[in-house]
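Participant: Take this sequence and fold it.
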Amino acid sequence: MNDPLIVIRAVHVAATLLLAGTLIFGAAVAGPALVQTGDHAAGAIIRARLLRLAWIAFVVALISGAVWLVLLAAQMSGRAPGQVFSGDILPTVLLHTTFGHDWIVRSVVAGLLAAALCTISPRRAAPWRWAIAALIAAAFAAALVHAGHAAATTGWFGTFHRLADGLHLVAASAWLGGLLPLALLLAAARRHELPPTVARDATLRFSTLGVISVGTLVVTGAVNGWVLSGSVPALLGTDYGRLLLVKVGLFLAMVAVAAVNRLHLTPRLAARVPAEGGALRALIRNSLIEVAFGLAILGVIGALGTLPPGLHEQPTWPFALRYSPAVFGDPQLRGTLTFALWGIGGGLVFGALLIAIGAIVRRWRWRLIAAGAAIAVAGVGYFGPALTRATVEAFPTTFYVSPTNYSASSIVRGAELFAIHCASCHGKQGRGDGPAGRFFRVKPSDLTADHVYSHTDGDLYWWIGNGMREVMPPFGAVLDETARWNLIDFVRANADAARLARAPAKVTDVGFRSPDFSARCADGSIVTRDSLDGRVAHLIIAGRGTAERVAQLAARNGDIVTVVIPIEDIATGAACRADDLELATVLAMLRGNDTTRDLAPSESIEFLLDASGEIRAAWQPGVRPDWHEADVLQREIAAIADNIRARRTVGSHH
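Facilitator: Purely as a prediction, here's the structure:
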């Protein structure tokens, strides 16, 4: 919390939620409860306090919003906050950034809200005026989505993300922002400024509003967490994910306190028991405890807004094991694990059912809740250890993702590094038959075997940098981060090459990742591996003697993207052209050729890629079936749509 931007974000969000929550409370909770009393003087006192609280939150929101703008402009420009008022720094931020646009829109909404607040008089109930002010305040809170991470999500998915985030903010306003107004109303009832019936009615109404808000928060929070974290490793292994877990923990603590209020204290008020004063005192105390948890959550939110989402960070895995789906390929282990999963699931479901029944009925309530919790814990405790059979060794970098995008230049560089540092042990082709490996007690691993596919890129990254106990020395001192990723890309490509070189020129249900490419088409558009837009791609490494075939293939109609990678200066006609000799080298390697120099002038190497950029078939002269026959090639292209890409077979490396 040393960053002033974190503090001011938290203050602004807190003020915004309190503003919206106070007005929602006044419209949906206090207003209907006060009308039933018929005591206009008491109602005027409470409405005046709520209106005063709303104005205070409004002023704090305006001031903190202005400070937020100044601090962010200073951060963007690299200047001190006092210097952003000179020149065009502030106008640039306001007119040319998403945050600036959102700030302007929210300023307009703030003006409308100020006008709505001015129309409210404490002396008159005027429910419709409170309702209008509450709706504008909810819009003011929901508009914060454009000042957060949701604003960066594009397309229809971005619209869905912002909708979920907006509902999340409104629900948080209704519950968290309404806690302090509830405490004020209950305190007034405890001082006998209000009849007990008002406190009972208001508490019941707020409890119902809280249940709706919590349900909305759970659903929308799950959506936001999934979008911004994206995976369990990102949730556990990044600063953003861990802070998000802290937020979830604080939220669950708030829910626990709210559950005590709803299930234990509120019924005491509704039943008009003699201990009504004690129940009021406990409700006020618990409401303030919830406010404290809420303020802690807002501090976390302020920090989350300044961190990159976990989805965009390399996660550091904190455990020595990770889940591996390969174990389910063993029939005996699959049966054991399936039974354990059913046992855990059954215990959790039955336990949750008992807890739900206990929450509804009064008789034996706490016994049922305790029994349900005990059954759930027992199911996990008894069957849980069996799930360790579905785990393999893991490392801090296990879930790292290569930043190279599997480019041809990275693979070529990796091949050079492999020849220098690895071939002496693993062999020139990576088959574990290098000359130095003959003297080792443990034979070097065959890097073309199936087990390579069961290791993550992060596993390989760890082993290259830190070694493998007595089996392999560490290379972290001689290979920097980029070099390690280059080497990993080559290992992946080399393992694929070992299979593609033996495969017939027919479409298979196993895909091999294509190196990234960028080709300019005759109409000026650019096509890449990741932007095929549902089309099949036909990649051709072409020499001077293949110009006639290139012209024939480029003239085809239909949803086929023809990409020519020329190794000599030839005309490509209507085809897309990728002038990248490194790409040609890597594709030639994938088909079993050491270099493109192995090609005769009249030969070509051709690949068919599915819409996801996976190589599904490869051909060169002498391989059957012959793609020079037009009907054969068309049949293979059509087969890609009929052969859905299956999961790659992996080894049982456990």
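Participant: rest of the way, CA atoms for contacts and neighbours
Facilitator: Will do.
Participant: can you map out the strands along the chain?
Facilitator: Secondary structure of the chain (DSSP state E): strands at 321-323, 391-393, 512-513, 518-520, 526-528, 536-542, 560-566, 576-577, 604-609, 614-619.
Participant: Which one, of those strands, ends up nearest to Thr197?
Facilitator: strand 321-323 (55.4 Å; CA to CA).
Participant: can I assume Arg129 is in contact with Ala116?
Facilitator: Yes. Under the criterion of CA atoms under 8 Å, Arg129 is in contact with Ala116, at a separation of 7.2 Å.
Participant: ok, for Glu606, nearest residue in space, not its chain neighbours?
Facilitator: What sits nearest to Glu606 in space, not counting adjacent residues and going by CA to CA, 6 or more residues apart in numbering, is Ile540, at 4.5 Å.
Participant: show me where pLDDT drops low in the protein?
Facilitator: Applying pLDDT under 70 to the chain flags residues 1-2, 36-40, 151, 269-277, 556-558, 594-602, 645-654.
Participant: how does it divide into domains?
Facilitator: Following automatic domain parsing, one finds the domains of the chain at 4-312, 321-393, 408-500, 512-642.
Participant: and His168, what does it touch?
Facilitator: With contacts defined as CA atoms under 8 Å, 6 or more residues apart in numbering, His168 is in contact with Thr216, Leu217, Thr220, Gly221.
Participant: Quick check: the third one vs Val145, distance?
Facilitator: Remark: distance between Thr220 and Val145 (CA to CA, to the nearest Å) = 13 Å.
Participant: Also the first one?
Facilitator: In this view, Thr216 and Val145 are 16 Å apart by CA to CA.
Participant: And Ala537, by the same measure?
Facilitator: Relative to Val145, Ala537 is positioned 39 Å away (CA to CA).
Participant: Tell me which of the two has more neighbours.
Facilitator: Neighbours were counted for Ala537 and for Val145 using other CA atoms under 10 Å; Ala537 has more, 25 against 21.
Participant: Name whatever forms a beta bridge with that one.
Facilitator: According to DSSP bridges, Val561, Leu609 are recorded as the beta-bridge partners of Ala537.
Participant: Could you verify my assumption that it touches Thr562?
Facilitator: Yes. Checked against CA under 8 Å, the pair Ala537 and Thr562 is within contact range at 5.9 Å.
Participant: if we can go back for a sec, got a list of what the residue nearest to Glu606 touches?
Facilitator: Thr562, Val563, Val564, Ile565, Ser604, Ile605, Glu606, Phe607.
Participant: can you list the residues you listed in a markdown table and add distance to Ala133 and neighbour count?
Facilitator: Written out in a markdown table, the entries for the contacts of Ile540 read as follows (distance: CA to CA, whole Å; neighbours: other CA atoms under 10 Å):
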| residue | distance to Ala133 | neighbour count |
| --- | --- | --- |
| Thr562 | 60 | 23 |
| Val563 | 60 | 29 |
| Val564 | 63 | 30 |
| Ile565 | 64 | 27 |
| Ser604 | 71 | 24 |
| Ile605 | 69 | 21 |
| Glu606 | 66 | 23 |
| Phe607 | 63 | 22 |
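Participant: right, and out of those, which lies closest to Thr528?
Facilitator: Within the set of the contacts of Ile540, Val563 lies nearest Thr528; the separation is 9.7 Å, counting by CA to CA.
Participant: OK, contacts around the closest one?
Facilitator: Neighbour list for Val563: Ala519, Ala537, His538, Leu539, Ile540, Ala575, Cys576, Arg577, Ala578 [criterion: CA under 8 Å, 6+ apart].
Participant: Switch those over to JSON lines; also include distance to Trp619.
Facilitator: As requested, the contacts of Val563 are exported to JSON lines (distance: CA to CA, whole Å):
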{"residue": "Ala519", "distance to Trp619": "21"}
{"residue": "Ala537", "distance to Trp619": "14"}
{"residue": "His538", "distance to Trp619": "11"}
{"residue": "Leu539", "distance to Trp619": "10"}
{"residue": "Ile540", "distance to Trp619": "10"}
{"residue": "Ala575", "distance to Trp619": "19"}
{"residue": "Cys576", "distance to Trp619": "19"}
{"residue": "Arg577", "distance to Trp619": "19"}
{"residue": "Ala578", "distance to Trp619": "19"}
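Participant: Out of these, which comes closest to Leu333?
Facilitator: Sorting the contacts of Val563 by how near they are to Leu333, with CA to CA, puts Ala537 at the top with 40.6 Å.
Participant: Format the strands of the chain as JSON lines; extra columns: distance to Ile6.
Facilitator: Conversion of those to JSON lines gives the following (distance: least, CA to CA, whole Å):
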{"stretch": "strand 321-323", "distance to Ile6": "34"}
{"stretch": "strand 391-393", "distance to Ile6": "38"}
{"stretch": "strand 512-513", "distance to Ile6": "42"}
{"stretch": "strand 518-520", "distance to Ile6": "41"}
{"stretch": "strand 526-528", "distance to Ile6": "40"}
{"stretch": "strand 536-542", "distance to Ile6": "48"}
{"stretch": "strand 560-566", "distance to Ile6": "49"}
{"stretch": "strand 576-577", "distance to Ile6": "49"}
{"stretch": "strand 604-609", "distance to Ile6": "47"}
{"stretch": "strand 614-619", "distance to Ile6": "44"}
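Participant: Brilliant, that's me finished.
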